[in-house]
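**Student:** Test case, fold it:
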Amino acid sequence: MVMSLQQKLIEQLGVLSPLHLDVINESAHHGGYFPGKESHFKVIIVSDVFEGLRLVQKHQKVYSVTQNLLVAHGGPIHALAIHAYSKAQWNGQVPSSPECAHAKK
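**Tutor:** Presented below is the predicted three-dimensional model:
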């Protein structure tokens, strides 16, 4: 059975021992979408590994475990919106995503 990109992201992000993890496929909201396309994702992750880190350091941790899936490293994912929090920072809200300029209106 072939694993979806969303499933692969969830599996790879598991290395960061998330207390909360949402991986949302937002591909349908972007230009060039067709059914089954997986190219744009939003990640909401809460983990103790982010405690005391600056935003860029949190993103670097996420990139380090997902880089093989990103276009910049030859992978299929074009965009990865990262919302990374320590347990103390997490308020339970999912940030909204901006509208894509190339999405069908």
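**Student:** all strands for this protein, in order.
**Tutor:** 20-25, 40-46, 79-85 (DSSP state E).
**Student:** any idea of the angle the shortest one forms with strand 40-46?
**Tutor:** Angle of strand 20-25 versus strand 40-46, following axes from the mean of the first three to the mean of the last three C-alpha atoms, to 10 degrees, is 180 degrees.
**Student:** who does strand 20-25 pair up with?
**Tutor:** Looking at strand 20-25 with DSSP bridges, its partner strands are strand 40-46 (antiparallel).
**Student:** Quick one: residues in contact with the partner strand.
**Tutor:** Contact with strand 40-46 is made by 5-6, 9, 13, 16, 18-27, 29-30, 62, 77-87, 89-90, 94-95, 97, 100, as judged by C-beta atoms under 8 Å, 6 or more residues apart in numbering. (C-beta placed from N, C-alpha, C; glycine too.)
**Student:** picking that back up, which of the strands of the chain is buried the deepest?
**Tutor:** Of all the strands of the chain, strand 40-46 has the most neighbours on average by mean count of other C-beta atoms under 10 Å, namely a mean of 20.
**Student:** Average pLDDT for that one, rounded please.
**Tutor:** Average pLDDT, strand 40-46: 92.
**Student:** Going forward, count from 74.
**Tutor:** In the new count, where the first residue is 74, that last one comes out as strand 113-119.
**Student:** Output that strand as CSV, restricted to C-alpha atoms.
**Tutor:** Taking Å, rounded to 0.1, in the frame of the first residue of the first chain, the C-alpha atoms of strand 113-119 are listed here in CSV:
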residue,chain,number,x,y,z
HIS,A,113,0.7,22.3,0.0
PHE,A,114,0.4,21.4,3.7
LYS,A,115,-0.1,23.2,7.0
VAL,A,116,1.5,21.7,10.1
ILE,A,117,0.4,22.5,13.6
ILE,A,118,2.8,20.8,16.0
VAL,A,119,3.2,21.1,19.8
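**Student:** orientation of it relative to strand 152-158 in degrees?
**Tutor:** Interaxial angle, strand 113-119 versus strand 152-158 (the same axes, to 10 degrees): 10 degrees.
**Student:** okay, now residue 124: neighbour count?
**Tutor:** Neighbours of residue 124 under the rule other C-beta atoms under 10 Å: 12.
**Student:** Many thanks, we can stop here.
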